[in-house]
Structure formats: C-alpha cells, structure tokens
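A.B. asks: here's my sequence, what's the structure:
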Amino acid sequence: MRKIFNWMLAAILTFCGMSWMTSCTDNTDNPSGGSAGYSTTLFVATDRHETGKGNNLTAMLARAVAGRGIRPQTVLLGGDYVGGMSDMTPGFSIRDIYDEVYAIVNPLNTRVMMTYGSHDNNCAEGYDAFYSGPRRSDGYYTYGISYVQMVYDTDSATTAAIRYYQEHPEEQNDSIRPPQPEQGDSLAPPPPPGGGAPKQMGYNGIDQADRYGISAESAARSFTQWVTAIADSDPIVVMSHVPLHATRGDNVGAMTWYKALTAAAQTHDVLVLWGHNHTLEEHGDSLDQYSYLLTAGDSIDIQGDSITGVVRCPLNFTYANAGYLKLGRASVITFTDTNGNGHYDMMELRRYSLEADQPDRQFGLTGKPNPYVITL
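C.D. replies: The predicted structure follows:
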C-alpha cells in the first residue's frame with residue numbers, strides 16, 4: 001500500500017512540475033464559493049536590507065495584522081533582504097526571513113514568496129530559494145520578476161556582462177554590483193549604444209540561472225506565453241524589485257516589460273509592484289514619490305535603452321511602490337468579491353507606516369488617498 005501511495009505522490013509532483021503554464025492549483029473562477037463579501041489579502045514589501053533585530057519585517061507585518069485584524073494568505077517580498085554600503089552582499093539564510101514572517105502568521109495558512117534583488121547573491125540556499133514566474137493563489141495570480149530580468153534588455157547583453165565579469169575579476173570590488181551605484185545619485189550613466197545595462201561592471205548574479213529568462217527579452221516572452229495560456233481573467237499581481245519608471249537609468253528592460261504588461265492588462269486586471277530606489281529618498285530625492293501609485297489612465301515615464309531613451313506612456317494597469325521595509329513601510333492588497341459572483345470586483349491598496357502616530361495619508365506625492373480602492 002505504501003508503494004502505491006508513494007507512486008501516486010510522485011506522479012502528482014511530476015505533473016505539477018511539468019504544468020508551470022497553468023499551475024497545479026485549482027484554476028476555478030469562483031474564489032469565494034459564491035459568498036458575497038469574500039476577501040483575500042496579501043502583504044507586500046521590498047528592501048529589508050538588515051538581519052537580526054535591525055530590520056522591520058516582523059514589525060511591519062505585525063502592524064498590518066493588528067491594523068486590520070487580517071491574516072494574509074500570501075506574503076510577497078520583493079528582494080534585497082540584506083546588504084548595505086559596508087557589505088553589499090553579505091551571506092544569509094532564507095530561513096531567517098521565514099522565521100520573521102512566521103513569528104506573526106501561521107505557516108499553515110500563509111504562503112511566503114520572495115523574489116531576488118541584487119544584494120541577495122550570497123544566500124546560503126542558492127537561487128532555488130527565490131521565486132519567479134507564475135503562481136496561482138486565492139482567485140488571483142502572482143508573478144515574480146528577478147533582478148536580471150529588468151536591468152538587462154536582451155539576453156545577449158546579459159551574456160556579455162556575465163562573460164565580462166568572468167574575464168575581468170580584478171575589476172570587481174565585490175561579488176555583485178548593480179549597473180548604477182547605490183549612493184542615491186539620480187544621474188545614472190546612460191546605457192551603451194545598442195541597448196543593455198550601463199557598461200560599468202560585469203554581472204555575477206545568481207539569478208542568471210532563472211528558468212524564465214535572463215533578461216527582459218526572454219523573461220517577458222515567458223510571461224506573455226503564460227498569460228495567453230491561462231483560461232480565466234483573474235487578477236495578476238506582479239512583483240519586480242526594479243521599477244519600470246525612469247529614475248536611475250538601471251532598468252533598460254523596462255520598455256520590453258511595459259509592452260508585455262500592457263498586453264496582459266487587456267484581458268486581466270494587473271497590479272505591478274516595485275522597490276529598489278529607496279536610496280534616492282534617503283538622500284533627499286523625492287521624485288520617485290510621484291510614482292508611488294499610478295492607475296489606469298495615468299501616464300508613466302518608461303526607461304528604455306540608449307536608442308529608445310525615456311518615453312512617456314499611458315497606463316492600463318495599476319503601478320505601485322510595495323513599501324520599503326528599510327524605511328518602515330509595507331502594503332496590504334485586498335481583493336473582494338462584493339456580489340458573490342465568484343469574481344473579485346474590488347482591489348484595495350493600503351499602505352502601512354512603522355510610525356503608528358504618523359500614518360501615510362496618501363501614496364507619496366501622487367495625491368491618491370491611502371487607502372485607495374480600485375474597481376476591477
């Protein structure tokens with residue numbers, strides 16, 4: 001009997017592994033079973049950047065749980081869990097982050113997913129510890145974009161950067177550096193002719209092993225193939241550590257992703273979350289706060305390569321800063337089926353601050369109130 005059970009379990013796992021396009025989870029269009037007022041929540045944030053008692057992950061999750069009495073079904077984190085100017089890529093274990101989350105929520109009821117940022121290169125568990133690509137959740141999907149998939153526009157640019165690193169190890173100051181320094185200088189060097197990230201250093205990020213692609217070119221193609229393969233029109237929550245908008249010049253894959261996300265938003269409600277640019281604010285540059293929440297009908301400055309440049313583009317999806325944990329910020333996304341028809345028709349974005357007596361009353365400098373409700 002045990003042999004039969006083990007054989008059946010192996011068959012199920014094999015099927016799940018082969019079915020990444022459609023997910024092994026039930027693909028029903030009825031998240032609530034038809035009950036009006038059904039809601040599901042996810043906690044999102046980026047840029048933890050600290051270990052031990054110095055970081056705000058547990059505190060921010062506790063603040064969100066206490067603030068609404070919710071127990072998020074998903075915790076979606078967007079990279080840069082460690083690292084700073086004294087040590088850009090310290091060694092760490094992904095288990096520490098799980099421990100911090102599960103100090104607040106029940107591991108049996110909450111799924112934790114973490115995308116990769118440039119400071120996470122020395123994770124003890126390797127790249128398999130991180131999340132990218134699609135995942136089915138409670139009536140919606142999440143989709144993870146890794147660091148390399150946004151900062152390089154083509155596979156050939158990534159391959160060239162990897163080769164450069166291998167051939168010029170003496171030029172590397174540490175195991176990995178982003179194309180633009182982290183000092184918060186908004187004047188990034190321009191991309192080189194022909195596209196690709198600014199040619200300052202090679203690339204050694206462990207996300208070059210990502211199965212969905214090693215640049216915007218291949219990763220956005222995987223995303224588009226997945227979107228066209230799913231049968232429903234459920235919402236999609238995309239987490240990218242590196243943003244789409246033009247500020248630091250280190251995201252030249254953004255235009256490729258913008259086109260793919262715009263196409264996906266024709267059949268799905270899409271929410272794109274981002275982080276990465278906290279150093280700008282730490283040095284007094286508030287420009288990014290005008291992009292903290294943009295919605296369909298707003299416009300956005302998309303970063304392109306040296307030929308495309310920066311292009312002002314219309315949005316047909318929602319675009320929001322997830323909340324920098326390092327600066328004491330995080331967000332909770334709530335999907336609600338108000339009429340019990342089995343489809344979510346409302347999405348609330350609520351931003352939390354570590355300072356309970358000084359809540360964020362709006363999303364940055366956008367003028368949009370916090371919380372903000374979007375009809376789906």
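
A.B. asks: all strands of the stretch 1-150 of the chain, in order?
C.D. replies: Secondary structure of the stretch 1-150 of the chain (DSSP state E, counting those that start in this stretch): strands at 38-45, 74-77, 111-114, 133-136, 141-145.

A.B. asks: can you redo these as JSON lines with distance to D153 and mean pLDDT?
C.D. replies: All C-beta atoms are positioned from the backbone trio N, CA, C, and that covers glycine. Conversion of these to JSON lines gives the following (distance: least, C-beta to C-beta, whole Å; pLDDT from 0 to 100):
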{"stretch": "strand 38-45", "distance to D153": "26", "mean pLDDT": "96"}
{"stretch": "strand 74-77", "distance to D153": "25", "mean pLDDT": "98"}
{"stretch": "strand 111-114", "distance to D153": "24", "mean pLDDT": "98"}
{"stretch": "strand 133-136", "distance to D153": "19", "mean pLDDT": "97"}
{"stretch": "strand 141-145", "distance to D153": "13", "mean pLDDT": "98"}
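
A.B. asks: turn these into JSON lines, columns for distance to N339 and mean neighbour count.
C.D. replies: Formatted as JSON lines, the strands of the stretch 1-150 of the chain follow (distance: least, C-beta to C-beta, whole Å; neighbours: other C-beta atoms under 10 Å):
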{"stretch": "strand 38-45", "distance to N339": "10", "mean neighbour count": "23"}
{"stretch": "strand 74-77", "distance to N339": "23", "mean neighbour count": "25"}
{"stretch": "strand 111-114", "distance to N339": "27", "mean neighbour count": "20"}
{"stretch": "strand 133-136", "distance to N339": "23", "mean neighbour count": "19"}
{"stretch": "strand 141-145", "distance to N339": "22", "mean neighbour count": "26"}
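
A.B. asks: touching stretch 79-95 from outside, list them.
C.D. replies: With contacts defined as C-beta atoms under 8 Å, 6 or more residues apart in numbering, stretch 79-95 is touched by 46-51, 97, 114-125, 129-130, 147, 174-177, 182, 241, 275-276.

A.B. asks: which ChimeraX command selects the buried ones in those residues?
C.D. replies: Entered in ChimeraX, the line below selects the buried ones among those, by 16 or more other C-beta atoms under 10 Å:
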select :46,47,48,49,50,51,97,114,115,116,117,118,119,120,121,122,123,129,130,147,176,177,182,241,275,276
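
A.B. asks: which of the contacts of stretch 79-95 fall in helices?
C.D. replies: Using DSSP state H, the subset of the contacts of stretch 79-95 located in helices is I97.

A.B. asks: so what's T46 up against?
C.D. replies: So T46 contacts 77-80, 117, 241, 273-276, 322-325 (C-beta under 8 Å, 6+ apart).

A.B. asks: which element is the residue nearest the centre of the chain on?
C.D. replies: The residue lying closest to the centre of the chain (C-alpha atoms, centre = their mean) is M239, at 2.0 Å. Assigned by DSSP states H and E, M239 falls within strand 236-240.

A.B. asks: what's the answer for V332, then?
C.D. replies: Using DSSP H and E, V332 sits within strand 329-337.

A.B. asks: buried residues in that strand?
C.D. replies: In strand 329-337, counting by 16+ other C-beta under 10 Å, buried: R329, A330, S331, V332, I333, T334, F335, T336, D337.

A.B. asks: got the angle between the following helix or strand past that strand and strand 236-240?
C.D. replies: Using DSSP H and E, the helix or strand that follows strand 329-337 in sequence is strand 346-353. Inter-element angle recorded for strand 346-353 and strand 236-240: 30 degrees (by axes from the mean of the first three to the mean of the last three C-alpha atoms, to 10 degrees).

A.B. asks: how about strand 346-353 as PDB, C-alpha atoms only?
C.D. replies: Written as PDB, here are the backbone C-alpha positions of strand 346-353 (Å, rounded to 0.1, in the frame of the first residue of the first chain):
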ATOM      1  CA  MET A 346     -12.700  45.400  -5.900                       C
ATOM      2  CA  MET A 347      -9.000  45.900  -5.000                       C
ATOM      3  CA  GLU A 348      -7.900  47.900  -2.000                       C
ATOM      4  CA  LEU A 349      -4.300  49.100  -1.600                       C
ATOM      5  CA  ARG A 350      -3.400  50.100   2.000                       C
ATOM      6  CA  ARG A 351       0.000  51.500   2.900                       C
ATOM      7  CA  TYR A 352       1.300  51.000   6.400                       C
ATOM      8  CA  SER A 353       3.900  53.000   8.300                       C
END
